[in-house]
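> what follows is a predicted structure for the sequence shown.
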Amino acid sequence: MEWHDEDSRLMLRYARGDAGAFASLYSRNKGPLYRYLLRYVRNAGAAADLFQEVWSRLIATRSRYEPRAKFATFLFHIAHNCAMDFFRRDANLQRSLHGGDVDAHLHAVEAPEEQRPDRVAEFAEQQSALLAAIAALPREQREAFLLHEETGLTIEEIARVTDVPVETAKSRLRYAVRKLKNTLVTATAAPSLPLRARTV
Amino acid sequence: MDSGDELNQFLQGDSPLSQAYRGEDAPLPPAALDREVLRGAGGGGKSPCLAPLAFAACALLSVALVAAVVLAPATRGTDAPRMTPVRLYSEATDARLPSDWLADIAALHRAGRHREAAEEMRRFHSVYPQYIVPSEE
């Protein structure tokens, strides 16, 4: 079955050589994609590189595009894969920096972000309480939350994008919502903790 | 409210959490990144109707270039005389052979135009100062 949302139609026109259609497609999706990458990898430079890489892959595969689902699932599946490659490269780099101490490295990777002030502090102090809390979520929960908020994807579509069972995607999103909701309640109860400050 | 209700409310899109997130800044990619991506897409946002025009312009330039290279030698040969400086009449006259020039002077005398003949003889002597005119011997 073919899917025909506006973005899919634009993508098909671009695949047939209409560069103007790409400009429209890009304009409609650049914001959500950029924010997803920026807040997922939490590094502006890496986010910019990944952003370019995602579009490069989309351009390279345009002739094979088939609208079998919402266009966002196609675009963000590419983005998810690019981000996974980034995290893998980053993990390899960390492993080499730790001199082959794999256990210590794995411990560092798996540790909750709240317990890693070196990674979070710089990011958090420039953000609102909510964005800081999103940055502090475990990676998978953070991704599920961002995918839903930036694209409106359903749990089934998030599962497809992230290559996990639907129940797994649902569980990740549930945990993320609960933690972030608690952050909101805390921030509202403590006026000295601003909901919004400088944001990334 | 249990976690299932929380999630359902969140998925509906109008939860306080969603509203708070949408109230945050919404950064966009830098303009330089936009340009790079659009250039990579091969369009830069141009309309597809410009493609035939670009092709036609390229074809026209190619034909003009080929014509310039192939036809240039022949054209140059044809145009060559135009590149020669224009000869002045007096230079042509001065280049006449002495016998021809003296015949012209004799004709002027026969026509009664002696002053003109005298002037021509003066110019003849300036051009051929060593030449001995038979009638003047």
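Sure thing, it's come through. Residues are numbered from 1 along each chain as shown, chains lettered A, B, ... in the order given.
> buried ones in whatever helix or strand A:Phe86 lives in?
Element membership of A:Phe86 [criterion: DSSP states H and E] is helix A:71-97. Along helix A:71-97, these residues count as buried under the neighbour rule (16 or more other C-beta atoms under 10 Å in any protein chain shown): A:71-83, A:86, A:95. Where C-beta positions appear, they are placed from N, C-alpha and C, glycine not excepted.
> for A:Leu173, see how far away whichever residue of chain A sits closest to chain B is.
Per C-beta to the nearest C-beta, A:Ala19 is where chain A lies closest to chain B, at 2.2 Å. Computed with C-beta to C-beta, to the nearest Å, the distance linking A:Ala19 and A:Leu173 is 37 Å.
> got the domain boundaries for chain A?
A:1-85, A:117-200 (automatic domain parsing).
> how about these, which one is nearest B:Glu36?
domain A:1-85 (6.1 Å; C-beta to C-beta).
> how deep is A:Tyr175 tucked in, by neighbour count?
18 (other C-beta atoms under 10 Å in any protein chain shown).
> B:Leu97 too?
Counted with other C-beta under 10 Å, B:Leu97 comes out at 9.
> repeat that for the one 10 residues further on.
The number of residues packed around B:Ala107, counting by other C-beta under 10 Å, is 12.
> same deal with A:Gly20?
With other C-beta under 10 Å as criterion, A:Gly20 counts 18.
> can you show me the strands along chain B?
Counting by DSSP state E, one finds no strands in chain B.
> lowest confidence element among the helices and strands of it?
For chain B, using mean pLDDT, DSSP states H and E, the weakest element among its helices and strands is helix B:89-94, scoring a mean of 46.
> cool, chain A as well?
Lowest mean among helices/strands of chain A [mean pLDDT, DSSP H and E]: helix A:102-110, a mean of 50.
> helices along chain A, start to end?
All helices of chain A, identified by DSSP state H, fall at A:6-15, A:19-41, A:44-60, A:71-97, A:102-110, A:117-124, A:129-136, A:139-151, A:155-162, A:166-189.
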